[in-house]
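Here's my sequence, what's the structure:
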Amino acid sequence: MEKKHRLLAVDDDIDFLKALKKLLTKFEFDVEVAIDPFKAVEQIKNNSYDCILLDMKMPGLDGIQLMDKIMEEDPLVPVIFISGQSNIPLAVHAMKKGAYDFIEKPIEPERLIMMLKHAIERNAWSKERDMLLTAIDEKYQMIGESPVMKEVFKKIKIFSTADAKVLITGETGTGKELVANILHYNSPRAGKPFIKINCAAIPNELLESELFGHVKGAFTGAVETKKGKFHLAQDGTLFLDEIGDMDIYLQAKLLKILDTGEFSMLGDNKTYKANCRIISATNQNLEELIAEKKFREDLYHRLNVLHIHIPPLRERREDIPHIARFLLSKATDQYNKKILDFSDTAIELLKQFDWPGNVRQLKNVVEKLVIFSSGPIIEEKQIENIFNEPLFLK
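Here you go, the predicted structure:
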């Protein structure tokens with residue numbers, strides 16, 4: 001059974017509250033009411049609500065004052081004001097202070113239900129986004145105080161608010177997918193899907209179907225209609241990872257979609273609108289691939305409207321101590337070890353290494369060190385032992 005959305009309605013008119021609760025309960029909302037704004041504050045402190053409905057004028061504490069107290073307890077919960085005709089200027093003022101919307105009395109039920117659904121949906125998106133951004137902030141890949149990384153962070157901040165295509169370049173393990181996530185979840189499309197496809201991981205004969213979808217009977221084995229990534233990413237972001245590995249034939253189809261804004265499923269003549277932001281990434285040199293006739297120049301210019309290059313660790317060695325210590329803290333928590341730090345000589349050794357696998361490789365090394373270490377400090381010799389392993393990537 002789907003969980004009911006929980007509402008709190010605050011109004012000093014008890015008859016209005018009873019009628020409102022009866023109405024909203026019919027639409028499967030779980031409704032609590034309060035006629036005293038001070039008691040409402042206590043309810044808000046002790047409970048979590050998906051949306052709060054407030055009367056504009058109440059004795060002792062007006063709606064705007066109550067909203068201020070609500071924001072102190074739960075800054076994300078949407079607040080909808082129920083306003084009489086004479087209170088509309090106050091309701092507009094409340095929206096400027098952070099209220100989601102207002103509705104006039106007498107209430108139009110359909111309009112109120114639609115408003116509630118939109119407010120709750122946006123609240124869910126905001127919470128999901130904040131949770132992801134918190135997780136992203138904790139990710140080791142984006143730690144850096146070096147000038148080159150500060151430039152990357154600056155571009156990410158600017159490009160997030162744009163709706164243009166972005167090409168992310170960088171070696172394996174530098175954090176290209178993480179940057180794509182950050183761009184999406186800080187964009188106006190944040191509440192919509194973020195769909196990823198790795199162009200190198202799927203055979204070319206299957207990649208076309210994965211991207212555009214197919215109808216039943218489109219080819220041998222197409223036993224049912226299946227939507228592709230362009231469908232699934234509608235109104236959101238489509239992340240084309242390892243775009244440099246895409247077959248030249250599919251590059252032409254992708255270019256056509258970017259030119260026309262439309263696509264068709266395999267085996268279907270019907271066209272669909274491709275309303276999604278395209279972010280692509282590669283660890284290859286696309287200009288060299290263009291010279292070798294392996295990548296279309298026109299597609300390159302289409303995808304490369306905005307460009308972010310993530311530098312390898314060897315070009316920002318000053319960041320290595322910060323990243324290593326952050327990873328150490330994470331790994332000691334994960335494996336329940338009491339390791340405090342690296343020795344100075346151990347840090348210098350980490351800085352001297354070129355890290356061909358970049359941050360991903362550094363993470364693996366730190367985890368190994370934590371697993372096999374027993375003392376409070378990781379020493380240079382322990383790192384040398386890992387570097388000297390036969391299968392270690394150098």
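
C-alpha coordinates for the helix or strand containing R325, CSV please?
Take DSSP states H and E as the rule and R325 turns out to sit in helix 320-334. C-alpha atoms of helix 320-334 as CSV (Å, rounded to 0.1, in the frame of the first residue of the first chain):
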residue,chain,number,x,y,z
ILE,A,320,47.3,14.0,-2.8
PRO,A,321,47.8,14.5,1.0
HIS,A,322,44.3,15.9,1.4
ILE,A,323,42.7,13.1,-0.7
ALA,A,324,44.8,10.4,1.0
ARG,A,325,43.9,11.5,4.5
PHE,A,326,40.2,11.8,3.6
LEU,A,327,40.3,8.2,2.2
LEU,A,328,42.1,7.0,5.3
SER,A,329,39.4,8.4,7.5
LYS,A,330,36.7,6.6,5.4
ALA,A,331,38.6,3.3,5.3
THR,A,332,39.3,3.3,9.0
ASP,A,333,35.6,3.7,9.7
GLN,A,334,34.7,1.0,7.1
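
Remind me what the next helix or strand after it packs against, helices and strands.
On the C-terminal side of helix 320-334, the nearest following helix or strand under DSSP H and E is strand 341-342. Applying 3 or more C-beta pairs under 8 Å, 6 or more residues apart in numbering; DSSP states H and E, one finds that strand 341-342 contacts helix 320-334, strand 377-378. C-beta: built from backbone N, CA, C; applies to glycine.

Show me what counts as buried in the helix holding R325.
Within helix 320-334, the residues that qualify as buried are 320-321, 323-324, 326-332, counting by 16 or more other C-beta atoms under 10 Å.

What are the phi and psi values at L266?
phi -60, psi 130 (degrees, to the nearest 10).

need the contact list for the closest residue to it other than its chain neighbours.
Spatial nearest neighbour of L266, chain neighbours left out: H214 (3.8 Å); criterion: C-beta to C-beta, 6 or more residues apart in numbering. The contact partners of H214, by C-beta atoms under 8 Å, 6 or more residues apart in numbering, come to 222, 225-226, 228, 265-268.

For these, which PyMOL command selects only the ones that are buried?
Restricted to buried positions by 16+ other C-beta under 10 Å, the PyMOL selection for these reads:
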select buried, resi 226+228+265+266
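
ok, so of the contacts of H214, who is nearest H301?
G228 (24.3 Å; C-beta to C-beta).

Just the pLDDT for the closest one.
Note on G228: pLDDT of 88.

try M58
86.

for E2, same thing?
For E2, the model assigns a pLDDT of 57.
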